[in-house]
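> have a look at this prediction, sequence included:
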Amino acid sequence: MSGWNPPPAPGGPPGQPYGYGYSPPPMAYGPPPRRRSSAGCVLGVIFAGVAAVVLVIVVAVVAVSMNEHTIETPTVAGGRSRDFSAEVRMGTTISSQRRIIQQVSGYKVDTVKSAVYGAGTDRYVFVGAEGDFDPDDLVTSFRRAVDREMTSSRFSTLTLPVSNAGGDGEAACVSIRYTSTITSVPSISTAMCAWMTDSTFGLVYPAPDSSSALSSTRVYSSVTVASAMRNLRDDVED
């Protein structure tokens with residue numbers, strides 16, 4: 001037909017593939033986005049690691065300081081008053097206890113303090129020391145030291161660990177029996193108990209007043225002396 005033109009194809013005229021009135025989305029131009037640096041993350045990990053190490057060190061220092069003890073000899077300990085006059089009279093016994101402490105500790109003692117607490121048959125010699133000790137070796141070294149002091153064949157000993165030391169560390173008792181061949185001299189059953197930590201060592205031994213003890217049987221079991229040791233420890237160790 002003259003003067004008639006067919007409609008354009010659905011795809012639009014050449015150069016217009018999206019159809020009439022439609023333009024393709026504009027292209028995004030410009031530089032690519034910058035990558036985020038990982039330096040912050042790395043520093044964060046480093047700081048966290050350092051903080052963890054510092055925390056471990058602080059905890060270790062606090063734990064060590066909590067286990068450090070000292071020995072004192074107050075005027076009252078374990079509910080018993082200190083007997084200063086008895087301390088003068090019992091110099092030989094106290095010296096023996098000091099030698100035992102030196103031997104048990106492997107001569108690693110820095111300071112030694114002693115006192116006598118109680119009256120009558122409820123009286124005890126206490127000798128305490130500060131130093132660098134090994135509680136795991138207490139039972140073996142304690143037995144050897146006491147046996148060295150008991151030079152007479154009339155003495156027999158038995159050393160056993162004590163489950164309740166009255167605090168941290170280890171404890172042990174040595175049961176001591178002396179059998180006399182003289183009728184006028186009674187046989188003796190007694191005990192010596194000790195506790196040991198990394199920094200302290202305490203030794204407790206019955207020291208009854210002879211004026212009140214000769215009229216009665218002198219028997220001190222490990223259980224009795226261990227109980228006195230724990231009571232005294234509450235006040236002589238800080």
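Cool, got the structure.

> any weak-confidence spans in the protein?
1-67, 183-186, 211-217 (pLDDT under 70).

> what segments of it are strands?
In the chain, the segments counted as strands under DSSP state E are 76-77, 80-81, 109-119, 122-131, 155-162, 170-178, 188-196, 200-206.

> and the fourth one, what does it pack onto?
This means strand 122-131. With contacts defined as 3 or more Cβ pairs under 8 Å, 6 or more residues apart in numbering; DSSP states H and E, strand 122-131 has these neighbours: strand 80-81, helix 91-104, strand 109-119, strand 200-206, helix 222-236. C-beta: built from backbone N, CA, C; applies to glycine.

> would you mind getting the angle between that strand and strand 200-206?
160 degrees (axes from the mean of the first three to the mean of the last three Cα atoms, to 10 degrees).

> parallel or antiparallel, list what pairs with strand 122-131.
strand 109-119 (antiparallel), strand 200-206 (antiparallel) (DSSP bridges).

> turn those into a markdown table, columns for mean neighbour count and distance to Ala171.
As requested, the strands paired with strand 122-131 are exported to a markdown table (neighbours: other Cβ atoms under 10 Å; distance: least, Cβ to Cβ, whole Å):
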| stretch | mean neighbour count | distance to Ala171 |
| --- | --- | --- |
| strand 109-119 | 19 | 18 |
| strand 200-206 | 26 | 9 |
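
> want to throw these into a markdown table with distance to Cys173?
Below are those laid out as a markdown table (distance: least, Cβ to Cβ, whole Å):
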| stretch | distance to Cys173 |
| --- | --- |
| strand 109-119 | 18 |
| strand 200-206 | 9 |
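
> quick one on the thing from earlier: Val219: which of the strands of the chain is closest?
strand 188-196 (4.7 Å; Cβ to Cβ).

> may I have that closest one exported as CSV, CA atoms only?
Taking Å, rounded to 0.1, in the frame of the first residue of the first chain, the C-alpha atoms of strand 188-196 are listed here in CSV:
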residue,chain,number,x,y,z
ILE,A,188,57.3,-43.4,128.5
SER,A,189,54.9,-43.5,125.5
THR,A,190,54.9,-40.1,123.7
ALA,A,191,54.8,-38.6,120.3
MET,A,192,56.2,-35.8,118.3
CYS,A,193,54.2,-34.1,115.5
ALA,A,194,55.2,-31.7,112.8
TRP,A,195,53.8,-29.9,109.8
MET,A,196,55.7,-28.5,106.8
